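*Asks:* Pasting the sequence and the predicted model now:
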Amino acid sequence: MEKLVITGNQPLGGEISVHGSKNAVLPILAATLLVKGETVLHNVPDLSDVNASIEILRHLGASVKREKSTLVIDTSNIVNNDIPEEMMREMRSSIIFLGSLVTRCKEALICPPGGCDIGVRPIDLHLNSLRKLGAQITENGSCIHCRAQKLHGSKIFLTFPSVGATENIIISSVLAKGKTTVINAAREPEISDLASFLNSCGAKIFGAGESMIEIEGVEELYPNSHTVIPDRIVAATYMCAGALQAKELVVKNVRAGHLVPIIPVFTEMGCRIYLSGNDLKLVSPKRLKRVKNIKTMPYPGFPTDCQSVLMAVLSKAKGTSVFNESVFDGRYKHISELRRFGADITVNDRIAVVNGVRELYSANVYSTDLRGGASLVLAALAANGVSTVGNLSHIDRGYENIEKNLSEIGAVIELSLIHISEPTRHLRIS
Ligand code: UD1
């Protein structure tokens, strides 16, 4: 077991680069099943969730080779139509394989997906949408069996703009017979990136990034290459590190347009933001100010994935900030760990009230989930003294080399093995 050992309250500064987006590349990896031949993907981050998807592709029969941040995926010979339970449980995104697998093999056998414990995460929108596209689905709790000779287009209204369900519908309809319309689709940039990859392979997807998406089914897709968009959540996390501990920090390889829901929060805290090409420069004030209300919402609202990292920052800001987590019902598990640093946070159902304190103190904490883990790293960077953050497997799902990247901008942070102490030996007194 490993932990991060962080000596806090060190000045940060300089330049930090953002890797490719996890949430964009995962559905694209699933979509490569629709292309018979070699897909080349650039800017693919080396993350455990990405590696879990690669293992699924390999199990299905694909060949996947990595050369630095480029993946070459050949799906010419798919031999399996099932995903073993241990692979499904690795991450939530494994459900995205359902649409591509049933399209490719006419039959798919999977079990419910795993992923971060951030509340109830049903998959009804995925399954009901696939049913509307003509799939026959049976479930028995531990197994989902999906069959379709050929999916057909349909009009699908999503009761919530689910990111994953929108992706599953797009993937399932590009080769379906006829036209599919998705109403109340998710608008996240990762949806647009999936559509842009599929369109470059010959798909006909219109309106990705808007609430209504139309897909005209085509006969086949041809292989192509694609560069994955930068990870806007990683960019926001580095901006948080800069806001807390740097006078100035340049975050490189960002898409400014994707950060539109995030930037106003930083300016409200008193930071100044300068954009130039793919670079974002953040200049922090002496002391950050509170942000009155932060409500997490589907894009273009404030992202739920940034709630915990922003909370770490606001725990040291002047004044009281109020969070309303409206997307997931169990996404405050990091708060009890943040309190160990001296953060003053109270929770009532979906509302968290953060009274900013002047100083945070060192603590030994454990990640509770991916973004919650990142928030603990930020709190440790801003705390006086030496802190440790354990349960790093959560953080590895979404941040490539976090300790190396942060140390390059001045953080005193290292990876250390946790020694399980030997049981105390009692002296026998005769
Ligand atoms: C994706 C992101 C995740 C992000 C989330 C919201 C990936 C790999 N993960 O997750 O980082 O936090 O979007 O921006 O892209 N819901 C249902 N039924 C369903 C599906 C979802 O009720 O069938 C609900 C969920 O319980 C949740 C809400 O819809 O309350 C949002 O979930 P969704 O947008 O689907 O998130 P994910 O795609 O799982």
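*Replies:* Happy to help now that I have it.

*Asks:* Now do stretch 54-64: everything it contacts.
*Replies:* Applying Cβ atoms under 8 Å, 6 or more residues apart in numbering, the external contacts of stretch 54-64 come out as 29, 32-33, 66, 71-75, 77-81, 83-84, 87, 90, 94, 97, 101. For every residue, glycine as well, the C-beta is placed using N, CA and C.

*Asks:* how does it look with 7 Å?
*Replies:* Residues from elsewhere that reach stretch 54-64, judged by Cβ atoms under 7 Å, 6 or more residues apart in numbering: 29, 71, 73-75, 77-80, 83-84, 87, 94, 97.

*Asks:* quick one: buried residues of that stretch?
*Replies:* Under the neighbour-count criterion of 16 or more other Cβ atoms under 10 Å, stretch 54-64 has Ile54, Glu55, Ile56, Leu57, Leu60, Ala62, Val64 buried.

*Asks:* List the ones among these that fall in helices.
*Replies:* Cross-referencing the buried residues of stretch 54-64 against helices under DSSP state H gives Ile54, Glu55, Ile56, Leu57, Leu60.

*Asks:* How about the residues of the stretch 101-250 of the chain by the ligand?
*Replies:* 120-126, 160, 162-165, 186, 190 (Cβ under 6 Å from any ligand atom).

*Asks:* Please repeat the previous calculation with a cut-off of 8 Å.
*Replies:* Residues of the stretch 101-250 of the chain found near the ligand (Cβ under 8 Å from any ligand atom) are 115-116, 118-128, 159-167, 186, 188, 190, 233.

*Asks:* returning to that earlier point: now, which of the buried residues of stretch 54-64 lie close to the ligand?
*Replies:* Answer for the buried residues of stretch 54-64 near the ligand: none qualify (Cβ under 8 Å from any ligand atom).

*Asks:* Present those residues as JSON lines; the columns should include distance to Lys289 and pLDDT.
*Replies:* What follows is the buried residues of stretch 54-64, written out as JSON lines (distance: Cβ to Cβ, whole Å; pLDDT from 0 to 100):
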{"residue": "Ile54", "distance to Lys289": "43", "pLDDT": "97"}
{"residue": "Glu55", "distance to Lys289": "45", "pLDDT": "96"}
{"residue": "Ile56", "distance to Lys289": "45", "pLDDT": "96"}
{"residue": "Leu57", "distance to Lys289": "47", "pLDDT": "97"}
{"residue": "Leu60", "distance to Lys289": "51", "pLDDT": "97"}
{"residue": "Ala62", "distance to Lys289": "50", "pLDDT": "98"}
{"residue": "Val64", "distance to Lys289": "47", "pLDDT": "98"}
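
*Asks:* ok, so of these, who is nearest the ligand?
*Replies:* Ile56 (13.7 Å; Cβ to the nearest ligand atom).

*Asks:* Rounded mean pLDDT for stretch 110-122, please.
*Replies:* Stretch 110-122 carries an average pLDDT of 75.

*Asks:* and what of stretch 69-80?
*Replies:* Per-residue pLDDT over stretch 69-80 has a mean of 97.

*Asks:* again with stretch 175-191
*Replies:* 98.

*Asks:* Helix or strand: which one has the residue in the stretch 151-300 of the chain positioned nearest to the ligand?
*Replies:* Across the stretch 151-300 of the chain, no residue is closer to the ligand than Gly164, which sits at 2.8 Å (Cβ to the nearest ligand atom). Using DSSP states H and E, the element containing Gly164 is helix 163-173.

*Asks:* Ser393: neighbouring residues, count only.
*Replies:* 13 (other Cβ atoms under 10 Å).

*Asks:* list the helices and strands the host helix or strand of it packs on?
*Replies:* In the assignment (DSSP H and E), Ser393 maps to helix 392-396. If contacts are counted by 3 or more Cβ pairs under 7 Å, 6 or more residues apart in numbering; DSSP states H and E, helix 392-396 sits against strand 2-7, helix 370-382.

*Asks:* give me that answer again for 6 Å
*Replies:* If contacts are counted by 3 or more Cβ pairs under 6 Å, 6 or more residues apart in numbering; DSSP states H and E, helix 392-396 sits against helix 370-382.

*Asks:* residues in contact with the next helix or strand after the helix it packs on?
*Replies:* Counting by DSSP H and E, the next helix or strand C-terminal to helix 370-382 is strand 383-384. Outside strand 383-384, the residues within contact range by Cβ atoms under 6 Å, 6 or more residues apart in numbering are Gly8, Asn9, Phe341, Glu359, Leu360, Tyr361, Ser362.

*Asks:* likewise stretch 333-346?
*Replies:* 308, 315, 347, 352-355, 357, 360-361, 363, 365, 368, 372, 375-376, 379, 383.

*Asks:* before we move on, the earlier item: out of the ones in helices among the buried residues of stretch 54-64, who's nearest Met239?
*Replies:* The nearest member of these to Met239, counting by Cβ to Cβ, is Ile54 at 29.3 Å.

*Asks:* Run through the helices of this protein in chain order.
*Replies:* Applying DSSP H to the chain gives helices spanning 22-31, 48-60, 85-88, 97-105, 124-132, 163-173, 189-200, 232-245, 263-268, 307-314, 335-339, 370-382, 392-396, 402-408.

*Asks:* Pick out the shakiest of these, pLDDT-wise.
*Replies:* Minimum mean pLDDT among the helices of the chain: helix 85-88, a mean of 89.

*Asks:* right, is that helix up against the ligand?
*Replies:* No - judged by Cβ under 8 Å from any ligand atom, helix 85-88 stays clear of the ligand, getting no closer than 13.8 Å.

*Asks:* how distant is that helix from the center of its chain?
*Replies:* 19 Å (Cα atoms, centre = their mean, to the nearest Å).

*Asks:* Okay, buried residues for that helix please.
*Replies:* Quick answer for helix 85-88 (16+ other Cβ under 10 Å): Met87, Met88.
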